[in-house]
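Chemist: Need coordinates for the below:
(chains A and B)
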Amino acid sequence: MASGLGDEQDRRQARQDPELLRRLLRAKDRMDAASHEEWPVGRLARVSHVSEAHFARSFKEAFGVPPHRYLLTRRIERAVALLRDSELSITEIAFETGWKSLGTFGRTFRDVTGESPGELRAREKASPHQRGPVPPCYLAAAHRPHLTIAVSEKRRREGSDSIPANEDNEPEGT
Amino acid sequence: MSQGVEVVGLYVRDQDEALEFYVERLGFRVHTDARNGHYRWLTVQHPEQPGFQLGLFAPGPPVHDEATAQALREVVAKGAMPPLVLVVDDCRAEYERLRAKGVEFTQEPVKRFGSVDANFRDPSGNGWKMVEARAVAR
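Modeler: Presented below is the predicted three-dimensional model:
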């Protein structure tokens, strides 16, 4: 248990139990390893050995985004990689990355990346990256910024209703 | 070689636990385990890499005030420390061996970029990528 100054900033930034964080990280790792699977809060909470209400709140506090939104950005990140690096159709990629509906995939993809899956693929094909000589670790690191962009982009749009609260919900209207 | 990087350290939540993990599970060796009061300088070495030591350091006094130590413990537990890479001859074989020893893998071996890689974490949350050395380097 940490003692310390009880000022506002201190409480906000440095008051999560490391043991809890380690268990939350385990849930995040599980989503990373299988982002195409369904990860309802109950399943994640069990991984972290906490209650569902506690999990959702603690995860957002720890990682800056709610768990379902984190999962969604990972799915989009993976879809971007598949659009760029595979010959799979957009429909195949949608189902491969965990969406049940092509429409939801397309809308969410556009919300996060600012372009449609087809547009991104066309753009990538038009200007293929040179990546033969890049060592795999650097290559993996170079892929990371997509997540940052997605998260910040989503945060920027957080007030907007264009992103469904849950990726499985069909948004009402447009 | 007389010049170069000799020690790079990790923050760990518990040095005894980290020692057990890196030595008993990963197969590293203890290089230095020295105490001075509450401070413990602990480094381990890969058996095939005698010129390099991996430090296993605990946040806390006298190096850190308690608030800083707490912040570091949180960052480590969130898996937010920089990536670590372990090169092995056979990623799948090492995966099986380490998994049998209870190492927490976060990604099974995957073949890509002309190699095979897997991810694991130490008990504190530090993330390692285990990469198979490629037959043709560079």
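
Chemist: Stretch B:64-75 near chain A at all?
Modeler: Yes - contact of stretch B:64-75 with chain A (C-beta under 8 Å from any C-beta of the partner chain) involves B:E66, B:A67, B:A69, B:Q70, B:A71, B:R73, B:E74. The way it works is simple: take the backbone N, C-alpha and C, and place the C-beta from them, glycine included.

Chemist: so what secondary structure elements neighbour the helix or strand that contains B:A69?
Modeler: B:A69 belongs to helix B:66-77 when assigned by DSSP states H and E. Contacting helix B:66-77 under the criterion 3 or more C-beta pairs under 8 Å, 6 or more residues apart in numbering or on different chains; DSSP states H and E are the following elements: helix A:18-33, strand B:7-11.

Chemist: quick revisit: ok, of the residues of stretch B:64-75 next to chain A, which come out buried?
Modeler: B:A69, B:Q70, B:A71, B:R73, B:E74 (16 or more other C-beta atoms under 10 Å in any protein chain shown).

Chemist: Make a markdown table from those and add pLDDT to it.
Modeler: Converted to a markdown table, these look like this (pLDDT from 0 to 100):
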| residue | pLDDT |
| --- | --- |
| B:A69 | 96 |
| B:Q70 | 95 |
| B:A71 | 95 |
| B:R73 | 97 |
| B:E74 | 97 |
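
Chemist: sorry, back to before: helix or strand next in line after the helix holding B:A69, which one?
Modeler: Next along the chain from helix B:66-77, counting by DSSP H and E, comes strand B:84-88.

Chemist: May I have the longest helix anywhere in chain A exported as PDB, CA atoms only?
Modeler: Longest helix in chain A by number of residues (criterion: DSSP state H): helix A:67-85. What follows is helix A:67-85, C-alpha atoms only, in PDB (Å, rounded to 0.1, in the frame of the first residue of the first chain):
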ATOM      1  CA  PRO A  67     -12.300  -2.900 -23.000                       C
ATOM      2  CA  HIS A  68     -14.800  -3.200 -25.900                       C
ATOM      3  CA  ARG A  69     -13.200  -0.200 -27.600                       C
ATOM      4  CA  TYR A  70      -9.800  -1.600 -27.100                       C
ATOM      5  CA  LEU A  71     -10.900  -4.800 -28.700                       C
ATOM      6  CA  LEU A  72     -12.400  -2.900 -31.600                       C
ATOM      7  CA  THR A  73      -9.200  -1.000 -32.300                       C
ATOM      8  CA  ARG A  74      -7.300  -4.300 -32.300                       C
ATOM      9  CA  ARG A  75      -9.700  -5.800 -34.800                       C
ATOM     10  CA  ILE A  76      -9.400  -2.800 -37.100                       C
ATOM     11  CA  GLU A  77      -5.600  -2.900 -36.700                       C
ATOM     12  CA  ARG A  78      -5.600  -6.500 -37.800                       C
ATOM     13  CA  ALA A  79      -8.100  -5.800 -40.600                       C
ATOM     14  CA  VAL A  80      -5.700  -3.100 -41.900                       C
ATOM     15  CA  ALA A  81      -2.800  -5.600 -42.000                       C
ATOM     16  CA  LEU A  82      -4.900  -8.200 -43.800                       C
ATOM     17  CA  LEU A  83      -6.100  -5.600 -46.300                       C
ATOM     18  CA  ARG A  84      -2.500  -4.600 -47.000                       C
ATOM     19  CA  ASP A  85      -0.800  -8.000 -46.800                       C
END
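
Chemist: Below-threshold pLDDT in chain B: ranges please.
Modeler: B:1, B:135-138 (pLDDT under 70).

Chemist: quick one: the strands in it?
Modeler: With DSSP state E, the ranges of strands along chain B come out as B:7-11, B:29-36, B:39-45, B:53-57, B:84-88, B:104-112, B:115-121, B:127-132.

Chemist: Nearest approach to A:E96 belongs to which of those strands?
Modeler: strand B:104-112 (15.1 Å; C-beta to C-beta).

Chemist: Mind giving me the packing neighbours of that closest one?
Modeler: helix A:18-33, helix B:91-100, strand B:115-121.

Chemist: For the ones you listed, give me CSV that also has distance to B:E132.
Modeler: Shown next, in CSV, are the helices and strands packed on strand B:104-112 (distance: least, C-beta to C-beta, whole Å):
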stretch, distance to B:E132
helix A:18-33, 19
helix B:91-100, 4
strand B:115-121, 4
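
Chemist: Same list (the ones you listed) but as a markdown table, adding mean neighbour count.
Modeler: Putting those into a markdown table (neighbours: other C-beta atoms under 10 Å in any protein chain shown) gives the following:
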| stretch | mean neighbour count |
| --- | --- |
| helix A:18-33 | 20 |
| helix B:91-100 | 16 |
| strand B:115-121 | 21 |
